[in-house]
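J.: with the input below, show me the fold.
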Amino acid sequence: MKKITLSLLSFCVSLSFTLAQKELPTENVDIIKAFDASLLESNKIDVPPALPPLDTTTKRQDYLVLPKPLTVTYAAPTLRPIGMKSGKREEDYHGYVKAGGGVPASLYGELGYAFQSGEKFDGKFWLRHHNANKKSFENQRFANTDGLVNGNLYLDKNLALEGRVGYTYDRVYYYGYDHDSLEYTAEQVRQDFKILDIGGRLYNSERTDMDLNFSAAPTLYFLTDYYSNKETGFDLNFSATKWFAEKHPLRVGIRTDFTTYNDTAKQNLNNIYLHPSFSFHADFLRLKIGAVFASNRDEFQFFPDVELNLRLWGDGLQLFAGAGGDLRKNTYRRLAEYNPFIQMRGVELRNTAWRQYFGGVKGSLGWLDYQGQAGYGKAGDLALFQTQFDSVGRPGVTRFGVVYDSANIFNIQGTVKLKLIKSLVITGTISQNTFDLYQEDEHWGIPSLEVNASAVYSVLGGKATLKGEVYLADGIAFKDSEGLNYYTGGLFDLSFGGSYRLTDNIGVFLDINNVLNNTRARWLDYPMFGLNFLGGLTARF
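T.: Residues are numbered from 1 along each chain as shown. As a prediction, this is how the structure comes out:
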């Protein structure tokens, strides 16, 4: 309709324009009515849409693709056996108990347990007691009790905190006297060592993003004995390790070691250490370069820390050489651990300045691990143990004092571990020292030759274990009651033992020690127990 209306309007305009071009007649026109134009009604024509016919012809298309080499990386295929059955998973055991007794009259007990709480905490505790009394020899007895509690708390940001508390109670008896002419009660010749250890450590449980490991570890101990002697030790150790290329460590350690000893007088022995080192690792060599800087009583000393290791034939044949040293403290605790029959009154605490130079060969062939070396060392103020027969209130009882002397020491030593068959492991060590002392005639109380060998054989699928041990040592020099040099006999100690697991949790054990009944005196006038037995039960849970 819009189009029709527009067309009529256009027609009227055009007609008006045309008529305007002509002169109208001048006659009068009468308008009867207004013009009424209308269109007739039109019929709508329906035209339905239709799709064009389908083109079913097949056309061949030719494509031109230029060849291009592609680099495809993929993981190497993994070969897996078909039908292999998984092995039986061994049950986890957290606790261990060992208890028994023996001849001469002895009692043994040991208990340990490890525990864990998720990934945030783990710890363990351990307790052991052993006593024996050879009633046929007056006061030849001892009793040792040790305990430890340890735990690790894992914090955020790869930090971890470790705590440790230990306690030792050792009771010994001075039975080194003439039993034919002298007699003492157990209380008269008793000695007790009580040691409380407290320690901790703050460290990173995993290597940091900067390839840095660090640790701060304070330790503290308190020692008292039956005669009111006391010693306190405090050690604070800071260390840090920076790794380069994940295999070359640069280490720095700073350590302060303070000791205070009291009997009738007070003594202090305080050392400070600085220990830097750098190790370089390559396929065929390892080189370590470092030093120990130690200070005591404003006296400064330097010790090397250098080692070179060459791999001539993989792990099978390696040569090594180096130099090392340290400032070793002769505290009451350390001296008594080596010789429990020591008399500390009048003994001065000193450091032993130790320097050594060594070289040797080592290797691992799978069935054989070995190492042999020769070395030369120089010890300044080496602690030697000399006899004392003037014990106050106990005449004739042998005890030992400390004599200091400097010495040149030549050493040859070796270790071997042999595994010819799966169930048999043989190990052995040998050490031979030659002493050149500055003042003393002999290296009092210290052996020259020590040999230790053992064999362990597992049978019945690991349910039973058999073992044998041999220990050899040469004679040791002391001065007798007349001031003459005396040498104890050599030692040949042969022992056997075994264990059998009755069930997965319960087992039995038997140890037969010193089969040849060798009673050689490691310390003058203190013979060993000789032949002795120890057996009992074991359990794990």
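J.: Leu250 pairs with what?
T.: Counting by DSSP bridges, Leu250 is bridged to Lys242, Phe278.
J.: neighbours of it, just the number please.
T.: 15 (other C-beta atoms under 10 Å). (Each C-beta comes from the backbone N, C-alpha and C, glycine too.)
J.: measure it to Pro276 for me?
T.: 8 Å (C-beta to C-beta, to the nearest Å).
J.: what does Tyr108 give?
T.: 45 Å.
J.: name the residue in the two with the higher neighbour count.
T.: Between Tyr108 and Pro276, counted using other C-beta under 10 Å, the more crowded position is Tyr108 (19 against 15).
J.: can you give the domain ranges for this structure?
T.: 98-364+372-406+436-446, 447-541 (automatic domain parsing).
J.: roughly how far apart are Phe244 and Gln116?
T.: 34 Å.
J.: which residues of this protein score low on pLDDT?
T.: Within the chain, the stretches with pLDDT under 70 are 1-45, 47, 54-91, 391-394.
J.: list the residues that contact the residue nearest the centre of the chain.
T.: Nearest to the mean C-alpha position of the chain, by C-alpha atoms, centre = their mean, lies Ser205 at 12.5 Å. Ser205 makes contact with 154, 158-160 under the criterion C-beta atoms under 8 Å, 6 or more residues apart in numbering.
J.: state the number of residues packed around Lys417.
T.: There are 15 residues near Lys417, going by other C-beta under 10 Å.
J.: ok, how many other residues are close to the residue found closest to Ser205 once you drop the neighbours it is linked to in the chain?
T.: Of all residues not flanking Ser205 in the chain, Ala160 sits nearest, at 4.0 Å (C-beta to C-beta, 6 or more residues apart in numbering). The number of residues packed near Ala160 is 15, by other C-beta under 10 Å.
J.: go on, Gly489?
T.: Neighbours of Gly489 (other C-beta under 10 Å): 13.
J.: let's have the chain start at 46 instead
T.: Shifting the count to begin at 46 puts that one at Gly534.
J.: just checking, Gly192 touches Lys239?
T.: No: judged on C-beta atoms under 8 Å, Gly192 makes no contact with Lys239 at a distance of 12.0 Å.
J.: common neighbours of these two, please.
T.: With C-beta under 8 Å, 6+ apart, Gly192 and Lys239 have common neighbours 212-213.
J.: quick check: buried residues in stretch 486-501?
T.: 487-493, 495-497, 501 (16 or more other C-beta atoms under 10 Å).
J.: and that stretch, how far apart are its ends?
T.: The straight-line separation of the ends of stretch 486-501 (C-alpha to C-alpha, to the nearest Å) is 41 Å.
J.: what comes into contact with it?
T.: With contacts defined as C-beta under 8 Å, 6+ apart, stretch 486-501 is touched by 384, 427, 429-431, 445, 448, 452, 469-480, 482, 510-519, 521-524, 530, 568.
J.: pull out the buried residues from these.
T.: 384, 427, 429-431, 445, 452, 470-473, 475, 477-478, 480, 482, 510-514, 516, 518-519, 521-524, 568.
J.: I'd like the domains of the chain as TSV, with distance to Gln458 appended.
T.: Shown next, in TSV, are the domains of the chain (distance: least, C-beta to C-beta, whole Å):
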stretch	distance to Gln458
domain 143-409+417-451+481-491	6
domain 492-586	9
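J.: and the ones you listed: which comes nearest Leu463?
T.: Of all those, domain 492-586 sits nearest to Leu463, with 9.0 Å by C-beta to C-beta.
J.: what about that closest one, distance to the chain center?
T.: Chain-centre distance of domain 492-586: 28 Å, with C-alpha atoms, centre = their mean, to the nearest Å.
J.: quick check: phi and psi on Tyr306?
T.: Per-residue torsions, Tyr306: phi -120, psi 140 (degrees, to the nearest 10).
J.: neighbours around the nearest residue to Tyr532 once chain neighbours are set aside, how many?
T.: Among residues not flanking Tyr532 along the chain, Gly520 sits closest, at 4.2 Å (C-beta to C-beta, 6+ apart). By other C-beta under 10 Å, 15 other residues sit near Gly520.
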